[in-house]
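Novice: missing the sequence, but the structure's below:
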């Protein structure tokens with residue numbers, strides 16, 4: 001297992017050598033380029049890749065020695081005993097790094113995030129809760145896993161057989177058009193469910209209450225969950241680990 005967990009990956013941090021390099025620098029001192037060439041003798045374009053990491057600010061080079069240029073957050077950096085906060089959508093996009101195996105990592109991984117799916121055709125928004133690691137089976141996580149080429153769960157494999165890697169905006173256009181019908185009715189008839197309705201069924205977002213008759217499991221609500229953008233990883237993590245309240249899925253209409 002990697003010693004350092006990377007969140008908000010970029011194309012640069014997703015390179016396999018980046019993970020190997022930062023783990024090595026995490027446990028070794030007085031690391032020179034010559035030493036790195038010995039340890040990573042099978043890595044292609046090693047010098048060029050290291051230079052990319054240096055220029056991006058992830059690796060520090062000083063007096064021909066290399067070290068990680070970022071903070072790896074650990075248990076001692078936060079108060080892990082603080083109570084839960086009211087649910088918010090916290091936004092922080094830059095990469096950050098957490099010690100694997102730490103209590104902090106566990107608390108962060110199991111914290112809750114509120115995902116919002118919307119499209120360009122109508123004002124329907126799907127609000128879906130998930131754990132921070134995106135391990136829950138949700139439509140938002142499906143789109144993310146397909147886009148990032150993350151290994152799909154068994155349910156996601158079934159969904160992929162239906163909608164594949166279709167553009168999320170295209171998929172949501174048809175899904176929300178169907179869900180819009182529940183704004184006026186508790187149940188909706190559909191004799192021949194298409195791939196979009198069948199996908200909603202697989203995720204349990206709708207259920208068949210009688211032959212060809214469906215109800216949605218989404219609550220129709222006018223509530224809003226505030227969005228807050230954080231400027232630093234420290235501030236983001238401090239608030240995210242306190243997002244432990246799961247919000248039931250709901251729909252909003254605008």
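Specialist: Cool, got the structure. Being a predicted model, the structure only gives us computed values, none of them experimental.

Novice: For residue 113, identify the helix or strand it belongs to.
Specialist: Residue 113 is part of strand 112-118 when elements are defined by DSSP states H and E.

Novice: so what strands line up beside the worst-scoring helix or strand of the chain on mean pLDDT?
Specialist: When the helices and strands of the chain are scored by mean pLDDT, DSSP states H and E, strand 219-220 comes last with a mean of 86. With DSSP bridges as the test, strand 219-220 is paired with strand 250-252 (parallel).

Novice: circling back: got the contact list for the helix or strand following the least confident helix or strand of the chain?
Specialist: Note on strand 219-220: by DSSP H and E, the next helix or strand toward the C-terminus is strand 227-229. The contact list for strand 227-229, computed with C-beta atoms under 8 Å, 6 or more residues apart in numbering, reads 88-92, 239. From N, CA and C alone the C-beta is placed, and that goes for glycine too.

Novice: For the residues you listed, I'd like a selection string for PyMOL - just the buried members, please.
Specialist: Command for PyMOL, covering only those of the contacts of strand 227-229 found buried under the criterion 16 or more other C-beta atoms under 10 Å:
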select buried, resi 88+89+90+92+239
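
Novice: Mind listing what's buried along the helix or strand containing residue 215?
Specialist: Using DSSP H and E, residue 215 sits in strand 213-216. By neighbour count on 16+ other C-beta under 10 Å, the buried set for strand 213-216 is 214, 216.

Novice: And for stretch 214-224?
Specialist: So stretch 214-224, judged by 16+ other C-beta under 10 Å, has buried residues 214, 216, 218.

Novice: Return the set of buried residues in the one helix or strand residue 53 maps to.
Specialist: Per DSSP H and E, residue 53 falls inside helix 46-55. For helix 46-55, a neighbour-count test (16+ other C-beta under 10 Å) marks 46, 49-50, 52-53 as buried.
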